[in-house]
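Enquirer: show me the folded form of this:
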Amino acid sequence: GGAAGAFDCYLVHRGLTTLFCRMRQHCESAMTLALFLDSHPKIAKVNYPGLPSHPGHLLSASQSCASPPLFGGMLSFELLRPAAPPVPDALLRARVLALLGSLRVFTQATSLGAPESLVEHRRSVEGELTEAGEGLVRVSVGLEDV
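Expert: Predicted coordinates for the structure are as follows:
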């Protein structure tokens, strides 16, 4: 049916009491990671609305009711593809997968909003017909202290 059970409602209520502080940590950690990646020489681009360089930054800031604005815990980045010599897609994929395999805090998984940080290579998940580039990595930043 359309009605939740009593225990399910209890769990939702219990989680809602700490939602704000969890979301604040989630967003602040994502901003810290986005700023770090944005200044990294091996990263071509960071997609995160909290960065002033993001095309949707002002709109996102105007829609946040927090002060200072919070921009969410999801971001993506693109690994830099050296221009010379040209790097084929297969080599870029190998570099991305090696990077993801070396991570110690982030778990490789396709999910959103978990308390732990998750990372995935979009093209590996979506297949060859995706518009995601070979160097694109999606990150769901968790509650860990960065």
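
Enquirer: tell me the average confidence for the longest helix belonging to the chain?
Expert: Among the elements of type helix in the chain, defined by DSSP state H, the one spanning the most residues is helix 19-38. When pLDDT is averaged over helix 19-38, the result is 93.

Enquirer: direction included, what does the helix or strand just after that helix pair up with?
Expert: Heading C-terminal from helix 19-38, the first helix or strand you meet, by DSSP states H and E, is strand 43-47. Paired with strand 43-47 in the same sheet, following DSSP bridges, are strand 74-79 (antiparallel).

Enquirer: just want the angle from the partner strand to helix 19-38.
Expert: 10 degrees (axes from the mean of the first three to the mean of the last three CA atoms, to 10 degrees).

Enquirer: please tell me how far strand 74-79 is from the chain's geometric centre.
Expert: Taking CA atoms, centre = their mean, to the nearest Å, the mean C-alpha location of strand 74-79 is offset from the chain mean by 6 Å.

Enquirer: and that strand, C-alpha only, in PDB?
Expert: C-alpha atoms of strand 74-79 as PDB (Å, rounded to 0.1, in the frame of the first residue of the first chain):
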ATOM      1  CA  MET A  74      28.000  15.700  -5.800                       C
ATOM      2  CA  LEU A  75      30.800  16.700  -8.200                       C
ATOM      3  CA  SER A  76      32.600  15.400 -11.200                       C
ATOM      4  CA  PHE A  77      36.000  16.000 -12.700                       C
ATOM      5  CA  GLU A  78      37.900  15.200 -15.800                       C
ATOM      6  CA  LEU A  79      41.400  13.900 -15.800                       C
END
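
Enquirer: lowest average confidence across helices and strands of the protein, where is it?
Expert: Counting by mean pLDDT, DSSP states H and E, the weakest-scoring helix or strand in the chain turns out to be helix 122-126, with a mean of 81.
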